[in-house]
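*Asks:* Return atomic coordinates for the entry below.
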Amino acid sequence: MLKKIVNALLLCLLVFPVGVCALSRQAGTGETELKQAGQYLHTAENMDSPCSKADKFVIGYVDIDPYPATGEMLYYFIEQLRAEGWIVYDGELPFEAADTDAKELIHFLAQQDLGPYLRFSDEVNYYISEKYDGVDYVKEDLTKHIKNGDVDLIFCMGTQPGDLLINEMGVTEVPVMVSGSVDPVGAGLCDTEEYSGKANVWCHTNTDVYRNQMKYYYDSHPFQNIGMVYYDESVGSLRPYSEAAEEIGFQITAKKISPEVTDDYYDNIRRIYEELVADGIDAFLLNTDIIKDETQIAPLLSVFYEHQIPVFVQNSEYYVEDGATMLVSASNAQIQAPFLTNTFSQILHGEQPGSLNQKFVTPPYLSLNLEVADRIGFAVDTDMLLSAEKLYSDVKEK
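*Replies:* Predicted coordinates for the structure are as follows:
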């Protein structure tokens with residue numbers, strides 16, 4: 001299993017254009033990550049085969065709401081579990097990687113006979129947003145299932161689900177894996193990047209990428225004042241971004257909002273974007289999980305483009321296709337999946353989550369929307385073109 005991580009990273013380094021290899025070196029990836037992969041292979045060499053118990057391991061899932069980026073992470077995690085023999089099913093998943101409703105995927109899996117090792121629970125399958133299950137219901141229902149011994153491992157997708165289980169509920173009875181959290185150390189989910197400091201907790205950490213991502217954005221278009229809108233400091237990666245700002249010497253103008261999508265949510269977003277333009281920002285960073293509806297991306301970002309302000313992206317490829325200027329990726333769901341399944345395997349083989357390494361930084365790649373760049377007069381040099389993994393020549397119609 002872990003050999004696949006090494007091979008995937010080697011493949012990335014072989015096929016990445018020169019500019020992105022340079023970016024990988026800047027972000028501390030590449031050689032370091034290959035060494036990490038070798039360490040994972042050494043420590044988990046006996047974890048390749050799935051293990052079983054009499055009545056199957058039962059896996060629970062906690063997320064915030066439907067969101068393409070986390071749905072994609074779950075999709076590739078499930079596909080990797082299948083590749084490693086943990087689960088079996090006929091045909092293909094009835095979902096698209098880039099358009100997966102995570103709760104619906106878990107519901108689908110819960111209806112399948114996945115073989116002798118795992119069962120996904122449709123009862124322990126939640127969206128904590130008040131628009132869906134809500135925090136109060138999740139706390140009460142999940143507490144009951146944990147007390148009854150109905151679940152063997154809980155997979156949390158994102159900072160808020162992790163915070164709910166680890167800090168608010170204080171779950172210690174079952175292993176908790178957290179993926180998709182931008183800054184789990186800053187959020188108080190774990191003590192360090194390398195190890196959680198909590199016996200039953202493991203969080204994937206990738207924070208270094210965000211600091212270097214911001215440096216790359218600055219190098220490509222030196223700005224004086226970059227705007228941001230966020231609902232949580234750790235989800236918005238404010239700690240590493242602020243470190244980059246202090247090191248380089250630019251200003252961040254950040255505005256905090258509520259994460260709940262009310263009827264006037266996108267009207268409020270537009271108003272805040274207009275306020276940022278009035279405040280004099282000369283670049284904007286589209287933070288994670290702010291624009292949840294793809295049809296709203298191009299109309300909202302037009303606020304910036306009317307003033308020739310480039311829009312950079314914190315996470316998620318589809319924002320560039322839908323109208324943002326540029327993404328230097330901070331995560332890659334396909335490359336991360338073997339790392340997640342390796343950890344998952346070690347836990348089910350009896351290893352304490354808190355004893356397992358958490359840090360795995362994937363090599364970054366660059367995506368550009370050339371139509372948007374041309375519209376706002378954003379300079380795209382030859383190095384950027386050669387470095388780009390994906391180039392879009394127009395804005396995707398909705």
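*Asks:* quick one: least confident helix or strand in the chain?
*Replies:* Lowest by mean pLDDT, DSSP states H and E among the helices and strands of the chain is helix 2-15, with a mean of 38.
*Asks:* so Thr253 sits in a strand?
*Replies:* Yes: checked against DSSP: H, G, I helix; E, B strand; the rest coil, Thr253 lies within a strand.
*Asks:* For it, which non-adjacent residue is spatially closest?
*Replies:* Using Cβ to Cβ, 6 or more residues apart in numbering and skipping the chain neighbours, the partner closest in space to Thr253 is Gly227 (5.0 Å). Glycine gets a C-beta too; all of them are placed from N, C-alpha and C.
*Asks:* Assign a three-state SS to that neighbour, would you?
*Replies:* Here Gly227 takes the strand state, with states given by three-state DSSP.
*Asks:* what does Gly186 give?
*Replies:* What three-state DSSP gives for Gly186 is coil.
*Asks:* biggest strand in the protein, by residue count?
*Replies:* Ordering each strand of the chain by length in residues (DSSP state E) puts strand 118-127 first.
*Asks:* That one pairs with which strands?
*Replies:* strand 57-63 (parallel) (DSSP bridges).
*Asks:* Return the partner strand as PDB; C-alpha atoms alone will do.
*Replies:* Taking Å, rounded to 0.1, in the frame of the first residue of the first chain, the C-alpha atoms of strand 57-63 are listed here in PDB:
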ATOM      1  CA  PHE A  57     -15.600  -2.800  11.800                       C
ATOM      2  CA  VAL A  58     -18.300  -0.100  11.800                       C
ATOM      3  CA  ILE A  59     -17.300   3.300  10.400                       C
ATOM      4  CA  GLY A  60     -19.100   6.500  11.200                       C
ATOM      5  CA  TYR A  61     -18.900   9.800   9.300                       C
ATOM      6  CA  VAL A  62     -19.300  13.500  10.400                       C
ATOM      7  CA  ASP A  63     -19.100  16.400   8.000                       C
END
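*Asks:* need the contact list for Pro66.
*Replies:* Residues near Pro66 by Cβ atoms under 8 Å, 6 or more residues apart in numbering: Asp101, Ala102, Lys103, Tyr127, Lys292.
*Asks:* So which of these wins on neighbours?
*Replies:* Greatest neighbour count in the contacts of Pro66, by other Cβ atoms under 10 Å, goes to Ala102: 29 neighbours.
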